[in-house]
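K.L.:
Fold the following, please.
(one chain, ligands or ions: 1)
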Amino acid sequence: MQNKIALDKIKLLFYVTLPEIKKFIRDFHREMQKGLCGKKSSLKMIHTYLRRPTGAEKGRFLALDLGGTHFRVMLMELKGNGKTGACPVKTFVLKKKHTTGKGKALFAFLAGCIGAFMKEHKLDTQARYNVGFTFSFPVKKKDADSGVLIRWTKDFSASGVEGKDVVKLLNIALKESGITGAKITALLNDTVSTLVARSYTEPDCDVGVILGTGTNACYPEKNGEIINIEWGNFNKLRRTHCDREVDRRSGNPGEQFLEKMVSGMYLGEVIRCLAAELLPRIELPRGFKSEYVSVIEADTSKGLRKTDNLLKKVGIRGSKHRDRKLLKKACVMVSARAARLASAAIASVLTKMDPTLSRRHTVAIDGAVYEKHPCFSHRIRATLKEIFGKDARRIKLVLTKDASAKGAAVIAATR
Ligand code: GLC
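P.N.:
Okay, here's the model as predicted:
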């Protein structure tokens with residue numbers, strides 16, 4: 001009985017009510033407005049100096065994508081009419097020494113990857129190529145093809161990069177490795193690439209969202225310029241003691257509160273904290289991955305056998321069925337809250353553009369949390385329905401995979 005009361009209390013703590021969602025939307029609009037006017041706000045509302053493509057762009061372009069655990073290089077052929085040709089891509093794994101070591105070494109590594117890709121595809125390193133660079137961190141921009149890193153997020157901490165123009169840093173590294181023809185003509189965020197990649201084939205698309213390692217979104221303002229919201233830093237939120245603990249232990253305490261409640265990098269950590277309270281006998285290891293959360297929530301096997309196997313894999317033996325049921329409940333509470341908050345953020349962006357939702361909107365979404373979690377996308381849809389009623393039919397959510405690189409190539413073509 002005691003346990004049941006404790007569990008019910010925790011459920012309430014993690015449940016985001018509809019009035020709370022409505023307040024979220026009001027606060028989000030206020031923060032957006034302040035950010036747009038250059039006032040102090042948790043939403044940076046970064047001007048990108050970029051617009052959506054028309055679909056007519058043509059040619060061969062190089063695309064680079066840095067933002068999480070991998071660096072990707074892609075060569076993309078655009079045929080016009082929203083059509084694309086072959087787009088070979090190579091993915092390089094980033095090691096901790098790259099993401100947390102010296103910035104110079106990180107950029108030298110990136111240049112090395114680009115060189116290896118060009119060699120493999122027999123591209124002349126001296127010939128001119130327009131390059132789009134997706135760099136998924138908050139940057140201060142004054143034009144389309146440069147950007148000063150404001151602050152690393154997602155536990156990157158490479159030294160000597162914050163406060164510097166990352167395009168300059170990459171250009172220096174490219175020169176040093178003998179690649180003289182590649183010209184970076186656009187620097188963009190992964191949300192912008194996602195929006196751009198989708199709108200090349202679907203001009204209705206007007207929101208780009210990432211629900212992956214981190215979370216963020218962008219949309220075109222009234223004048224057509226795409227604004228990178230950096231919504232991961234939204235902070236008008238009701239946080240729990242678990243959120244506070246995760247924040248305290250993170251590489252950037254006091255920042256990215258929404259990201260720490262929604263994105264894949266932190267979901268497992270919030271669950272770990274909650275599980276420590278609900279299941280003191282079981283201590284989940286640090287770095288409990290969000291992939292595991294997907295496995296546990298999808299587990300309908302008898303006695304939650306799959307969860308048991310997973311727990312054994314992370315070194316926990318002898319869990320009881322009761323423990324596994326509780327762990328599954330903890331996963332559902334935390335990830336359902338994440339989906340409700342993500343829906344509230346999507347609803348805020350849509351109603352900023354179109355307060356009465358009088359038009360159709362396509363929201364392009366990329367990221368492992370949206371793609372791989374068994375219930376995330378359904379929960380987002382259900383919450384949008386709760387917020388907008390029948391009008392939610394005007395919102396189309398589309399998974400837009402590998403858009404981070406593709407969008408960079410498309411943008412390079414517009415420059
Ligand atoms: C973090 C970054 C942001 C990016 C997001 C998704 O929030 O600050 O720029 O778009 O992660 O990768």
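K.L.:
quick one, phi/psi of Gly160?
P.N.:
Gly160 adopts backbone torsions of phi 70, psi 20, taken as degrees, to the nearest 10.
K.L.:
That one and the ligand, how far apart?
P.N.:
Applying Cβ to the nearest ligand atom, to the nearest Å, the value for Gly160 to the ligand is 19 Å. Backbone N, C-alpha and C define where each C-beta goes, glycine included.
K.L.:
leaving aside the residues next to it on the chain, what's closest to that residue?
P.N.:
In this structure, Gly160 finds its nearest non-sequential neighbour in Gly103, 4.0 Å apart by Cβ to Cβ, 6 or more residues apart in numbering.
K.L.:
Next up, the contacts around the nearest residue to Asn81 once chain neighbours are set aside.
P.N.:
Nearest non-adjacent residue to Asn81, counting by Cβ to Cβ, 6+ apart: Gly55, 6.5 Å away. By Cβ atoms under 8 Å, 6 or more residues apart in numbering, the contact list for Gly55 reads Gly80, Asn81, Gly82, Ser199, Tyr200, Thr201, Pro203.
K.L.:
Please identify which of those residues is nearest to the ligand.
P.N.:
Ser199 (17.2 Å; Cβ to the nearest ligand atom).
K.L.:
Would you agree that closest one is in contact with Arg51?
P.N.:
No: in this structure Ser199 lies outside contact range of Arg51 using Cβ atoms under 8 Å: 9.7 Å.
K.L.:
who's more crowded, the two?
P.N.:
Ser199 (26 against 16; other Cβ atoms under 10 Å).
K.L.:
how about the helix or strand hosting Ser348, does it reach the ligand?
P.N.:
In this structure, Ser348 is located in helix 321-353 according to DSSP states H and E. No: Helix 321-353 does not reach the ligand (Cβ under 6 Å from any ligand atom); its nearest approach is 11.9 Å.
K.L.:
Report how many residues lie close to the residue of the stretch 301-415 of the chain found nearest the ligand.
P.N.:
Nearest to the ligand, among the residues of the stretch 301-415 of the chain, is Gly367, at 7.2 Å (Cβ to the nearest ligand atom). Gly367 has 28 neighbours, counted by other Cβ under 10 Å.
K.L.:
Spell out which residues sit in contact with whatever residue of the stretch 251-400 of the chain ends up closest to the ligand, please.
P.N.:
Here the stretch 251-400 of the chain gets closest to the ligand at one residue, Glu259, 5.2 Å apart by Cβ to the nearest ligand atom. By Cβ under 8 Å, 6+ apart, the contact set of Glu259 is Thr153, Gly214, Thr215, Asn216, Gly232, Asn233, Met265, Tyr266.
K.L.:
please redo it, this time with the cut-off set to 6 Å
P.N.:
Shown in contact with Glu259 (Cβ atoms under 6 Å, 6 or more residues apart in numbering): Gly214, Thr215, Gly232.
K.L.:
Same question for Thr213.
P.N.:
Here Thr213 is in contact with Gly68, Lys154, Gly264, Met265 (Cβ under 6 Å, 6+ apart).
K.L.:
where does the closest residue to it other than its chain neighbours land on pLDDT?
P.N.:
Counting by Cβ to Cβ, 6+ apart, Thr213 lies nearest to Gly68, which is 4.3 Å off, once chain neighbours are set aside. Looking at Gly68, its pLDDT is 83.
K.L.:
Wasn't Gly68 part of a strand?
P.N.:
No: using DSSP: H, G, I helix; E, B strand; the rest coil, the assignment for Gly68 is coil, not a strand.
K.L.:
domain assignment for the protein?
P.N.:
According to automatic domain parsing, the chain comprises the domains 2-43+208-399, 49-201+403-413.
K.L.:
Out of the contacts of Thr213, which end up buried?
P.N.:
Gly68, Lys154, Gly264, Met265 (16 or more other Cβ atoms under 10 Å).
K.L.:
ok, the second one to the ligand distance?
P.N.:
Relative to the ligand, Lys154 is positioned 6 Å away (criterion: Cβ to the nearest ligand atom).
K.L.:
Quick check: phi and psi at that residue.
P.N.:
Main-chain dihedrals, Lys154, degrees, to the nearest 10: phi 50, psi 40.
K.L.:
now swap in the first one and tell me
P.N.:
Torsion angles at Gly68 (phi, psi; degrees, to the nearest 10) stand at phi -150, psi -120.
K.L.:
and what of Glu57?
P.N.:
phi -60, psi 140.
K.L.:
Tell me how far it lies from the ligand.
P.N.:
23 Å.
K.L.:
Quick one: residues contacting the closest residue to that residue other than its chain neighbours.
P.N.:
In space, and not counting its chain neighbours, Glu57 is closest to Ala413: 3.7 Å by Cβ to Cβ, 6+ apart. Shown in contact with Ala413 (Cβ under 6 Å, 6+ apart): Glu57, Gly59, Phe61, Leu78.
K.L.:
May I ask which of these has the most neighbours?
P.N.:
Phe61 (26 neighbours).
K.L.:
That residue belongs to a strand, doesn't it?
P.N.:
Yes: according to three-state DSSP, Phe61 belongs to a strand.
K.L.:
For the contacts of Glu259, give me TSV that also has neighbour count.
P.N.:
Formatted as TSV, the contacts of Glu259 follow (neighbours: other Cβ atoms under 10 Å):
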residue	neighbour count
Gly214	27
Thr215	29
Gly232	27
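K.L.:
could these be laid out in a markdown table, adding pLDDT and secondary structure?
P.N.:
Listed next are the contacts of Glu259 as a markdown table, based on pLDDT from 0 to 100; DSSP: H, G, I helix; E, B strand; the rest coil:
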| residue | pLDDT | secondary structure |
| --- | --- | --- |
| Gly214 | 95 | coil |
| Thr215 | 98 | strand |
| Gly232 | 98 | helix |
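K.L.:
about what we covered before: now the residue of the stretch 301-415 of the chain closest to the ligand. Its backbone dihedrals?
P.N.:
Torsion angles at Gly367 (phi, psi; degrees, to the nearest 10) stand at phi 120, psi 150.
K.L.:
In contact with the residue lying closest to Ala217 once chain neighbours are set aside, which residues are there?
P.N.:
In space, and not counting its chain neighbours, Ala217 is closest to Val209: 4.5 Å by Cβ to Cβ, 6+ apart. When contacts are counted by Cβ under 6 Å, 6+ apart, Val209 touches Ala217, Val363, Ile365.
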